[in-house]
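Student: Here you go, sequence then predicted model.
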There are 2 protein chains.
Amino acid sequence: MNNTNRSILLQASEMPDKWYNIAADLGGKMLPPLHPGTLKPIDGASMSALFPDELIKQEMSGERFISIPDAVKELYSMFRPSPLYRAVNLEKMLGTPAKIYYKYEGVSPAGSHKTNTAIPQAYYNKMEGVKKIATETGAGQWGSALSFACNHFGIDLQVFMVKVSYDQKPYRKMLMNLWNGKVLASPSNTTQAGRDILAKYPDSPGSLGIAISEAIEMAVSDPKTKYSLGSVLNHVLLHQTIIGLEAEKQFEKAGDYPDIVIGCLGGGSNFAGISFPFVRHNLDGKKKTRFIAVEPSSCPKLTKGLFRYDFGDVAGMTPLLPMYTLGHEFIPPGIHAGGLRYHGASPLVSALVQEGIVEAQAIDQLECFEAGLKFAQAEGILPAPETSHAIASTIREALKAKAENTPKTILFNLSGHGYFDMYAYQQYLDGKLTNFVFDDSSLVEIENQTHPIELAFR
Amino acid sequence: MNNTNRSILLQASEMPDKWYNIAADLGGKMLPPLHPGTLKPIDGASMSALFPDELIKQEMSGERFISIPDAVKELYSMFRPSPLYRAVNLEKMLGTPAKIYYKYEGVSPAGSHKTNTAIPQAYYNKMEGVKKIATETGAGQWGSALSFACNHFGIDLQVFMVKVSYDQKPYRKMLMNLWNGKVLASPSNTTQAGRDILAKYPDSPGSLGIAISEAIEMAVSDPKTKYSLGSVLNHVLLHQTIIGLEAEKQFEKAGDYPDIVIGCLGGGSNFAGISFPFVRHNLDGKKKTRFIAVEPSSCPKLTKGLFRYDFGDVAGMTPLLPMYTLGHEFIPPGIHAGGLRYHGASPLVSALVQEGIVEAQAIDQLECFEAGLKFAQAEGILPAPETSHAIASTIREALKAKAENTPKTILFNLSGHGYFDMYAYQQYLDGKLTNFVFDDSSLVEIENQTHPIELAFR
């Protein structure tokens, strides 16, 4: 056997016991989220209608490392530490001198990185006596992960699932039902936010922004219901850093270190998860790793959006977040990477793009599907359409390394498997998918920054 | 964190480098396969139209351990060693004092244990210059695993997929196509065996026995094409012992040892894989582990079949194998556990049942689906319908341990995930599935043991 270890595994005992909070290292560079009524920085109290106290504390924390509770670590150990694999076959297929590693998050219940934050979020809600949670989901990765976690902790869950994905991915809905999650297609008639959209656009494919509005409205309308978000916010990204912290240990074992770290970007959580622990060594000045966040060309907030304050949802119920955005009313076309159909990028990732530490890249749907298929042919794992964006970028970098004849060490996050996305791949193979031209006519300044959002802040 | 390790992982360097050949420890107790023309034990030469020499050597080997080639170990390391998990949540759900462990083979390319033998089979064929392989597949687990392996080694593959599964599982077919496997629904019009069945039963749902006949006919009709079988034969079971050998090491790490080992049984390969390495310690007289092979009530060869010589396929093209069988013309009903729809059980497993070392159990489809769902709710992994048979039995044993208040250590093989079987689970949840009553009218002695099979032995 040659010396190429294709898998680098950690024992349960080697699982990190803290999350890394990059906010501690970015302190001065971060703009605060604003209360859209007062346009002043929000305080924790104004978020307590939505989140349990512990998550609000994490959202605003300046601690560099935050301990993972024992109960969370124990559930993590159902599937963590996740494997780090070397994509030797893909390297050979591309004829590249680059070494390609990937962290495989598809081993989790529900099959993606989302479980990393679903478990602690459900846990902290449980600890504070919450009986019901409302949330949104795009492709269903988040909704199914949170269904698993809520079911485990005995919390009721209402999921608003973006309509286009609801129609495309019936089995993801079934998975949520299996874990006792209730699922509505969004926009729905259940909320005012949903009804407003349906009145204007009866055939709306939905969007994460709309679904967030619906879930928040449900949470703030009922004192016994909290809200849970699967990406964007600081505490969500915090939980995902377990991915990169493990990868860091695995690279130590492999005697290697990444020159380039790549993740796909919807709201930013899987990208943050794989990259932030490595970013911290750049911030320390010890390393000069490149970080690439890959978004779909049809929803290019980092490459074609503006950095400014915007709402996290369509109806404008959230705080104003400092982020790259296409405008909170932007409805992306119904691409199959449903998890990337979000108008904004998390404030933490946005700040790193602003600082020039994170590079952004937009790639078309068809190139991504082709990359996903190539990867599956070589490595035997069919990636989720979201993840295929990271793979497309990885292939570009590996081919560049080949053209330049420079060995590079590339790490990407295989954030989830695509076994519930076979319909999409079939559509691609049958030549039924197209790229979308990004229409930037919606890229206008927010006209009404004082949109009535009192509900979210009572 | 409490001391319950939910995952017990091995490093790549700890992967076993030999397979365990139980035939060496059963020597005197095994009846030989017979040439159906002469009714004399077959020799290796008569199998060379079907298999490369190295596999024939393994099929007839008396060596106790057989080295795994470096190239195979390297590909294994894409996904092996596979994790051993403790099903803590399931234990709690059942309120059992039993400790439940499972070996998770769903991490492989194509998502099941089948890849363990697909890789070495493709490798040995490649080494001997074979350009094309023909094979059968039930639910598609085997066909997709072999497609992956053949694609890797540059071998053309023709898969005959049992018709009922071909219709139920279009995405498994797509997976085969993705790895350049060509797929025909069986019975097909491509072979005489297929045409004969279609003439008699135009609406035949197909069976593994029919698909095997078609694949063998294709192989023996073309000197450049070999045949490959996904279960039943000694060399196939040999390759699967990597599962149990790893599990043995993992139990050492956990400081535990199984009282009961459980696997589902179609032809017998995943059951053999998990159990044989532990059976050897029973054969040594050092342990008294119970071994339970679980079959579907609708295809109960071990519990209602006869032990005798029979063909491995419907058309009678294979050697006569000493095994438990329902008769080679038995066509099981179209249950969703397509991989278990086989009329016979491997000679090695059959011999162990004869010896009273392996117990057999038949469980109905509906109990198995319910067990699969319960497991998914607790542990977050949706098992293949085949695997759910092992889980149903595990739950029975865990509840027995509870009733008797005796702690037991149970190990089962989670042979594959069910993410391509969502349609089946949806059918179950919608109340559209039924159990099947086993019809034993087909349980007659073979009337024509001299069925013309010259083709297979020229």
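Tutor: The structure has been received and is ready for your questions.

Student: Please list all residues in contact with the residue nearest the centre of chain A.
Tutor: Residue closest to the average C-alpha location in chain A (C-alpha atoms, centre = their mean): residue A:269, at 3.5 Å. Residue A:269 makes contact with A:113, A:114, A:117, A:230, A:231, A:232, A:236, A:237, A:240, A:346, according to C-beta atoms under 8 Å, 6 or more residues apart in numbering or on different chains. To be clear about C-beta, it is placed using only N, CA and C from the backbone, and glycine gets the same treatment.

Student: any chance of the residues you listed in JSON lines, with secondary structure too?
Tutor: Putting these into JSON lines (DSSP: H, G, I helix; E, B strand; the rest coil) gives the following:
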{"residue": "A:113", "secondary structure": "coil"}
{"residue": "A:114", "secondary structure": "coil"}
{"residue": "A:117", "secondary structure": "helix"}
{"residue": "A:230", "secondary structure": "coil"}
{"residue": "A:231", "secondary structure": "coil"}
{"residue": "A:232", "secondary structure": "coil"}
{"residue": "A:236", "secondary structure": "helix"}
{"residue": "A:237", "secondary structure": "helix"}
{"residue": "A:240", "secondary structure": "helix"}
{"residue": "A:346", "secondary structure": "coil"}
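
Student: Can you tell me how far residue A:259 is from residue A:436?
Tutor: According to C-beta to C-beta, to the nearest Å, residue A:259 stands 32 Å off from residue A:436.

Student: One more: residue A:74?
Tutor: 43 Å.

Student: now swap in residue A:310 and tell me
Tutor: Residue A:310 is 22 Å from residue A:436, where distance means C-beta to C-beta.

Student: Enumerate the residues of the stretch 351-458 of chain A near chain B.
Tutor: A:373, A:376-377, A:379-382, A:417, A:419-420, A:422, A:425-426, A:429 (C-beta under 8 Å from any C-beta of the partner chain).

Student: export those to TSV and tack on pLDDT?
Tutor: Converted to TSV, those look like this (pLDDT from 0 to 100):
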residue	pLDDT
A:373	96
A:376	96
A:377	95
A:379	96
A:380	94
A:381	95
A:382	95
A:417	95
A:419	92
A:420	90
A:422	89
A:425	92
A:426	90
A:429	90
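
Student: Check those for burial and list the buried ones.
Tutor: A:373, A:376, A:377, A:379, A:380, A:381, A:382, A:417, A:419, A:420, A:422, A:425 (16 or more other C-beta atoms under 10 Å in any protein chain shown).

Student: Pick the one among those closest to residue A:361.
Tutor: residue A:373 (19.7 Å; C-beta to C-beta).

Student: Check whether that closest one really touches residue B:178, as I assumed.
Tutor: Yes - shown here, residue A:373 and residue B:178 form a contact pair, counting by C-beta atoms under 8 Å, at 6.5 Å.

Student: Mind listing the shared neighbours of these two?
Tutor: Common neighbours of residue A:373 and residue B:178, using C-beta under 8 Å, 6+ apart, are residue A:425.

Student: burial measure for the closest residue to residue A:256 other than its chain neighbours, as a count.
Tutor: Closest residue in space to residue A:256, ignoring its immediate chain neighbours: residue A:409 at 5.6 Å, by C-beta to C-beta, 6 or more residues apart in numbering or on different chains. The burial count assigned to residue A:409 is 18, neighbours taken as other C-beta atoms under 10 Å in any protein chain shown.

Student: From residue A:86, how far out is residue A:409?
Tutor: 10 Å.

Student: Common neighbours of those two, please.
Tutor: By the contact definition C-beta under 8 Å, 6+ apart, residue A:409 and residue A:86 are jointly contacted by A:99, A:101.

Student: looking at this, residue A:359 is in a strand?
Tutor: Yes - the assignment for residue A:359 is a strand, going by three-state DSSP.

Student: Let me know the helix or strand that the closest residue to it other than its chain neighbours is in.
Tutor: In this structure, residue A:359 finds its nearest non-sequential neighbour in residue A:292, 5.0 Å apart by C-beta to C-beta, 6+ apart. Secondary structure from DSSP states H and E places residue A:292 in strand A:290-296.

Student: C-terminal to that strand, what's the next element?
Tutor: Past strand A:290-296, the next helix or strand by DSSP H and E is helix A:301-304.
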